[in-house]
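**Q** Build me a structure from this.
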Amino acid sequence: MHPEWATPLRILLILHISSGVVAFVCAPVALVTAKGAEVHRRFGKIYFWAMAGVAVTALILSFALPVYFLAMVSVFSFYSAFAAYRVLYLKDMYKGARPKGVDWLAAVVTVFSSLLLFLMGFLRPELMQVGVVRIAGHTVSIVSIVFGIIGMRMGQHSIHGFIKPSGEKMFWWFGHMQGMIASYIAAMTAFSAVNLTHWFGAAWWVWLWPTIVGAPAIAVWTAYYKKKFSPKPKISIA
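**A** Numbers count the residues shown, from 1 in each chain. Modelled structure (predicted):
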């Protein structure tokens, strides 16, 4: 917190940090408790609204300071939690139900803001200020590029699901858990960046290690539950 910051900015930063702490604490509780149980639902809702608080305060701070990277990252990092929350209300899409306008809007905004994040990583890496490296003689923000790709992929995946819904009955289960875990990875990324940069500076791995660790974990988790939910072969008795 800069000593010359105005009081409203200080209050916003306090709210931002407080929301992040609440999300950081509530997510593990929701993850380890029985899915669908009261404790899981309660802590899941608290986590979602805490992440909403993180995103809103981050957006305001990013334009007030300004920090362009923070503005674009806050959109895609919240979208994973938003999509995970909304899919609980779209369980019947496999039977023909359609998404609402807010679902389309959020996905499209995420795709375009992530595309901008991706392009800025190539064209204006100095404005991104994080993960700046030289590759083949060119200076780029590798963190902006990677996060931009992730954000575009999330938004495009949702749009594809809206246009061509999955015929799998439990599609919402995977969408919900993948999105919530991905959003927690984003929260872990913010925690890592704030704390580890004091010792290691703005190194690219300070921002990307939660994704490097978390993405394979999501893949393993998804494979496990797909096998668990797959129909059991019938055993015929001659």
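**Q** just the strands in the chain please.
**A** With DSSP state E, the ranges of strands along the chain come out as 132-135, 138-141.
**Q** Mind listing the strands the first one pairs with, and their directions?
**A** Here strand 132-135 is paired, per DSSP bridges, with strand 138-141 (antiparallel).
**Q** which residues sit against the partner strand?
**A** The contact list for strand 138-141, computed with Cβ atoms under 8 Å, 6 or more residues apart in numbering, reads 69, 120-122, 125-126, 128-134. Glycine gets a C-beta too; all of them are placed from N, C-alpha and C.
**Q** ok, now with 6 Å
**A** Outside strand 138-141, the residues that touch it by Cβ atoms under 6 Å, 6 or more residues apart in numbering are 121-122, 125, 128, 131-132.
**Q** Which helix or strand in this protein has the lowest average pLDDT?
**A** Least confident helix or strand of the chain, by mean pLDDT, DSSP states H and E, is helix 125-128 with a mean of 79.
**Q** elements contacting that one?
**A** strand 138-141 (3 or more Cβ pairs under 6 Å, 6 or more residues apart in numbering; DSSP states H and E).
**Q** Kindly recompute the last result at 10 Å.
**A** Counting contacts by 3 or more Cβ pairs under 10 Å, 6 or more residues apart in numbering; DSSP states H and E, helix 125-128 packs against helix 68-86, helix 101-123, strand 132-135, strand 138-141, helix 142-163.
**Q** from these, which stretch is densest packed?
**A** helix 68-86 (a mean of 23; mean count of other Cβ atoms under 10 Å).
**Q** between it and helix 142-163, what angle do the directions make?
**A** Angle, helix 68-86 to helix 142-163, by axes from the mean of the first three to the mean of the last three Cα atoms, to 10 degrees: 30 degrees.
**Q** pLDDT of helix 68-86, averaged?
**A** For helix 68-86, mean pLDDT is 85.
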